[in-house]
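S.K.: Structural data only, the sequence is not supplied:
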């Protein structure tokens, strides 16, 4: 538990380091599936004041706080819903990083315009739909996660190949095999979202990268035939 | 008085810290309503040279300097007018932060495109009209405040729910329960203004967030049923 | 002479401090009219390697180097021409700051969209025309200055009220009563150019600030009735 | 060899210093033509962890690693192909700097809008075409270099006068007489690409700089009659 708390604490501190957050507008969680627990940032606490022991542990099933004296992030039930829907996730991040928010506020998928995107996201970054009034009233945060899961199911997307989403009028969620990788993907998403806006400034009718280029780049870094980095042949 | 001077001095130093000002293009004030005094930055002095004792105290009623050897900010009479018009204000900020200025120079309200905005501003950030020649000649700075007050009155806006405004061809004023919160809202306004410009770059015809999403986000952080942060249930 | 060299050296170091230059893409000069000398940055030397004694002194009349072992800036003859054409100038700056360059590359005056601009530039920032082939062949750098002077003469502009210009397909020159004020105006011009681009992103058909607002802001900071800062009544 | 490794290591560290890279998204190589060797960054290693001895030496002819225990950059075969095609190159850089990527993703040459560009690139920065499926399947990285070489050959461009290229849907490659100069050109290309986007925001139909201005600026810094800097007459 202390190890996970420390990992989640360190991952939260990466958000200001990479310029992804203003004030407390972001949160990172990590999961220990063997113990059925999620650890997450407390709500509304400045990153510079955070200590590892401030991280809040929540039961993955019931959503009840099992350790920690502070309120967990107000987005806690969204994180829980994502861990339940996507069994491979080890970490989840939510931010309001500006370029990703811009695409979310425009309600549009981020097209895969090039290899920077294709190296990490296989196809466009999907934009999840608005919640209905009934979904907001019932449980806004939980249903934010449920609508993300619905989006992946309806489009047949694999969350391991598309490690993030943008929510209409809201902003991005990203994930990974642990909290640190989820932050890595949050940085990638913001960078890709910014490049996509600049691409549209050069040519508003720019086309996505050809499918063959997307395949080449994603698959040279992921899957059985990957050859990028120091862990491959 | 020394406490208020120190608070206002600290809040002024937050402006360069958050990247909101170039040179001396911004000022923060705070008020002590029990003593009928406003404390504000002196005019044209660099932030790095400011000392708490340089802050200038001005009578809220008469506008006369009651303590301090330097000239108060040239925007002093605008601050005074806002404190008179809006009794709940404890602090006021004026900056020329670039994205908020861009909306002001375009003469347009900043639409509430998403939850980042709705978390702090309930509805669009209003753009106050140009002053007439007569208003400029009579008292430019005082009437800048008067036109802001007119804008809120005419539109039926509550300054506690819309903690800022942009003035046509000019720039933003924000406020809060004290000087520090007024600066917080200045940071939010600039961030929201920047995101709104990026949103228009993705889609110039982007629509505001649905009313139900604006309600949900503003009210989960404000009012009797708020549940964000560590002070709520 | 040593005093002027030190002032010009310090002013050159402000260029990287304010983020106005990449590599060596900028230069500042200052003038001593009583001695008929201009002091300027040497050509192609990194700011971090510059020492006060590296500054090059040039005769204002003949353009010959009178002190210094390094080649003066390749823009030297442009600076000289500006000092000759505008007797009130004490310092001149040239940079390739990106937003000002963008307006220069588009070949357009920067409209006075608001008070940030009107506080320092009275009316639009003019864009000087392209040089002819004959002007380039005769003396490119000298004629760059001559075309700036022609622009001010033809439009009836006062260089004390419009302390800068952009040159078509090239970039900005600014000036002031000394080298430090010329740098101050270079910062203002870049900020104003950036805000003007953002304004056009909000509304490509945005109108300039009303003349009455431009008058009010310029004249409350300049001229006999100024009341901004600590030097006025 | 140790000297070249150190030069290439230092040049790689310039990439984060100049803000050109996120994570490990860039690489620099240098060549020793007398020994037929190229030295390049290892694949997927953080810049802050890099040591000179981590640089990987590769045979220029065969592409085989001849010194170093880490995998060389996944872009190694592109670098090799450029050294083979362009005998004057001493260093090569690849990054995903955002403005240059935007032009690459839009599939457009970067027009020479002004003197900042003309000082270093003689004419537009060319955008190389997409690879075919057959070229990707045969050898993606090698053929990326081959298509760059084809672009320069087909357009009659001199790589010493146009020290970089953007590859469709991908990003920039730049080069120079050594690794450090290749990085210098990567910084110039990103700055020029950013200015070109801003220029289009001011006026989407902006025209390139007149040919006479491009000639003047490129030739005053390059070739037998150059007179910029401290090495010329």
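M.R.: Happy to help now that I have it. Predicted model only: the values in this text are computed from it and were never measured.
S.K.: does stretch A:207-222 come close to chain B?
M.R.: No: on the criterion Cβ under 8 Å from any Cβ of the partner chain, stretch A:207-222 is out of touch with chain B, staying 15.0 Å away. Using the backbone N, CA and C atoms, a C-beta is placed for each residue, glycine as well.
S.K.: Residue A:7 against residue A:30, yeah?
M.R.: Yes: the pair residue A:7 and residue A:30 qualifies as a contact (Cβ atoms under 8 Å) at a distance of 5.5 Å.
S.K.: Grab the nearest non-local neighbour of the most centrally placed residue in chain A.
M.R.: The centre of chain A sits closest to residue A:174, judged by Cα atoms, centre = their mean, with a distance of 1.0 Å. Distances taken as Cβ to Cβ, 6 or more residues apart in numbering or on different chains place residue A:164 nearest to residue A:174, at 3.6 Å, with adjacent residues excluded.
S.K.: Show me what the helix or strand of chain A with the lowest mean pLDDT is packed against.
M.R.: Within chain A, confidence by mean pLDDT, DSSP states H and E is lowest for helix A:211-221 among all helices and strands, at a mean of 94. Using 3 or more Cβ pairs under 8 Å, 6 or more residues apart in numbering or on different chains; DSSP states H and E, the elements in contact with helix A:211-221 are helix A:115-118, helix D:133-155.
S.K.: Same list, these, but as a markdown table with mean pLDDT please.
M.R.: Shown next, in a markdown table, are the helices and strands packed on helix A:211-221 (pLDDT from 0 to 100):
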| stretch | mean pLDDT |
| --- | --- |
| helix A:115-118 | 98 |
| helix D:133-155 | 98 |
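S.K.: So which of those is the most surrounded?
M.R.: Highest mean neighbour count of those: helix A:115-118, a mean of 26 (counted as mean count of other Cβ atoms under 10 Å in any protein chain shown).
S.K.: and the residue of chain A found nearest chain C, how far is that from residue C:102?
M.R.: The nearest approach of chain A to chain C comes at residue A:201, 9.2 Å away (Cβ to the nearest Cβ). To residue C:102, residue A:201 is 12 Å away according to Cβ to Cβ, to the nearest Å.
S.K.: quick one: which of these two has more around it?
M.R.: residue C:102 (30 against 19; other Cβ atoms under 10 Å in any protein chain shown).
S.K.: Please give the element, helix or strand, for the more buried one.
M.R.: For residue C:102, the host element (DSSP states H and E) is helix C:98-106.
S.K.: counting contacts, what elements does that helix pack onto?
M.R.: So helix C:98-106, by 3+ Cβ pairs under 8 Å, 6+ apart, packs with strand C:164-167, strand C:172-176, helix C:179-202, helix D:179-202.
S.K.: How far away from the center of its chain is it?
M.R.: Chain-centre distance of helix C:98-106: 14 Å, with Cα atoms, centre = their mean, to the nearest Å.
S.K.: for stretch A:122-130, same thing?
M.R.: Taking mean C-alpha positions (Cα atoms, centre = their mean), stretch A:122-130 and its chain are 12 Å apart.
S.K.: That one: which residues count as buried?
M.R.: A:122-128, A:130 (16 or more other Cβ atoms under 10 Å in any protein chain shown).
S.K.: Dump these into TSV; add secondary structure and pLDDT as well.
M.R.: Conversion of the buried residues of stretch A:122-130 to TSV gives the following (DSSP: H, G, I helix; E, B strand; the rest coil; pLDDT from 0 to 100):
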residue	secondary structure	pLDDT
A:122	coil	97
A:123	coil	98
A:124	coil	98
A:125	strand	98
A:126	coil	98
A:127	strand	98
A:128	strand	98
A:130	coil	98
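S.K.: tell me the mean pLDDT over stretch A:2-22?
M.R.: Per-residue pLDDT over stretch A:2-22 has a mean of 97.
S.K.: Name the residue in residue A:7 and residue A:30 with the higher neighbour count.
M.R.: Counted by other Cβ under 10 Å, residue A:7 and residue A:30 do not tie: residue A:30 has more neighbours, with 30 against 20.
S.K.: how near is that one to residue D:39?
M.R.: Taking Cβ to Cβ, one finds residue A:30 at 39 Å from residue D:39.
S.K.: interface residues of chain A facing chain D?
M.R.: So far as Cβ under 8 Å from any Cβ goes, chain A lies against chain D at A:113-116, A:184, A:187-188, A:191, A:194-196, A:198-199, A:201-203, A:206-207, A:209-210, A:212-213, A:216, A:220, A:227-230, A:232.
S.K.: try 7 Å
M.R.: By Cβ under 7 Å from any Cβ of the partner chain, the residues of chain A that approach chain D are A:113-116, A:187, A:191, A:194-195, A:198-199, A:201-203, A:206, A:209-210, A:212-213, A:216, A:220, A:227-230.
S.K.: Just the buried ones from those residues?
M.R.: Neighbour counting over those (16+ other Cβ under 10 Å) leaves A:113-116, A:187, A:191, A:194-195, A:198-199, A:201-203, A:206, A:209-210, A:212-213, A:216, A:220, A:228 as the buried ones.
S.K.: For the closest residue to residue A:111 other than its chain neighbours, give me the pLDDT.
M.R.: Using Cβ to Cβ, 6+ apart and skipping residues adjacent in sequence, the residue nearest residue A:111 is residue A:208, 4.6 Å away. Note on residue A:208: pLDDT of 98.
S.K.: what sits against residue A:208?
M.R.: Neighbour list for residue A:208: A:111-113 [criterion: Cβ atoms under 7 Å, 6 or more residues apart in numbering or on different chains].
S.K.: could I get those residues as a markdown table with pLDDT and secondary structure?
M.R.: Below are the contacts of residue A:208 laid out as a markdown table (pLDDT from 0 to 100; DSSP: H, G, I helix; E, B strand; the rest coil):
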| residue | pLDDT | secondary structure |
| --- | --- | --- |
| A:111 | 98 | coil |
| A:112 | 98 | coil |
| A:113 | 98 | coil |
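S.K.: Now render those residues as CSV, adding distance to residue B:63.
M.R.: Output for the contacts of residue A:208, formatted as CSV (distance: Cβ to Cβ, whole Å):
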residue, distance to residue B:63
A:111, 56
A:112, 59
A:113, 56
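S.K.: Out of these, which is nearest to chain B?
M.R.: So of those, ranked by how close each gets to chain B (Cβ to the nearest Cβ), first place is residue A:111, at 10.7 Å.
S.K.: so the closest one makes contact with residue A:124?
M.R.: Yes: the criterion here is Cβ atoms under 7 Å, and residue A:111 meets it with residue A:124 at 5.3 Å.
S.K.: just how off-centre is stretch A:171-189 within its chain?
M.R.: 5 Å.
S.K.: What are the buried residues along it?
M.R.: Buried, per 16+ other Cβ under 10 Å, within stretch A:171-189: A:171-176, A:178-189.
S.K.: Kindly report the same for stretch A:151-171.
M.R.: Buried, per 16+ other Cβ under 10 Å, within stretch A:151-171: A:151-152, A:157, A:159, A:162-171.
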